[in-house]
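Peer 1: Sharing a model prediction with you, sequence too.
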Amino acid sequence: MTTLMAYGPVTFSIYPLNPQSTERSTEASYVEKPVVGRRPPLEFMGDGAEDLTISAVLFPMKFGGLSSLSVLDAMRTSGIPHLLVRGDGTPLGWFCVIGAREKATYLDQSGVGQKIDIDLHLKRADAPNAAGYIAALMTLL
């Protein structure tokens, strides 16, 4: 199975949890200094926010993976940042789950969608301390 990316304990692959696209936005922080008679110069204050959205599709009746949604929700409620790694092994940084949107279609007789579209909203964070991260990770598994 080909791993396209991994976010903490959740693996995004061709199946069961298939990422369709990612969207990234970054910012830099500047302060304007008022100056008479000319454009205000900008003073660079540092790196700003970095947001990442992963859009994925899940087919739980065909490939399973429904438990991935519970794990992602537990990651959101824990407030702990997790490492995001691209499929080629490149670490993209530590991110927190800010929010998620799920849209289930083609509901079966028990109300479970046969196709579930997921938008996972992440925000870059500083790395957690090792002890806190291990403890939080153990609660997710």
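Peer 2: That came in fine, so what should we check first?
Peer 1: Would you point out which residue is most central in the chain?
Peer 2: Leu122 (3.7 Å; Cα atoms, centre = their mean).
Peer 1: Contacts only, for the most far-flung residue of the chain relative to its centre.
Peer 2: Most distant residue from the mean C-alpha position of the chain: Gly37, 45.4 Å away (Cα atoms, centre = their mean). Going by Cβ atoms under 8 Å, 6 or more residues apart in numbering, Gly37 touches no other residue. All C-beta spots, glycine's among them, are computed from the backbone N, C-alpha and C.
Peer 1: Number the residues from 55 up from this point.
Peer 2: All set: I'll call the first residue 55, so the last point we hit is now Gly91.
Peer 1: and it, how far is that from Glu97?
Peer 2: 19 Å (Cβ to Cβ, to the nearest Å).
Peer 1: next one: Asp180
Peer 2: 23 Å.
Peer 1: Against which helices or strands is the one helix or strand Phe66 maps to packed?
Peer 2: Element membership for Phe66 (DSSP states H and E) is strand 64-67. Judged by 3 or more Cβ pairs under 8 Å, 6 or more residues apart in numbering; DSSP states H and E, the packing partners of strand 64-67 are strand 57-61, strand 71-86, helix 121-132.
Peer 1: who's in contact with the first one?
Peer 2: Taking Cβ under 8 Å, 6+ apart as the criterion, the residues outside strand 57-61 that touch it are 65-68, 72-73, 108, 129, 136-141, 146, 149, 174, 176.
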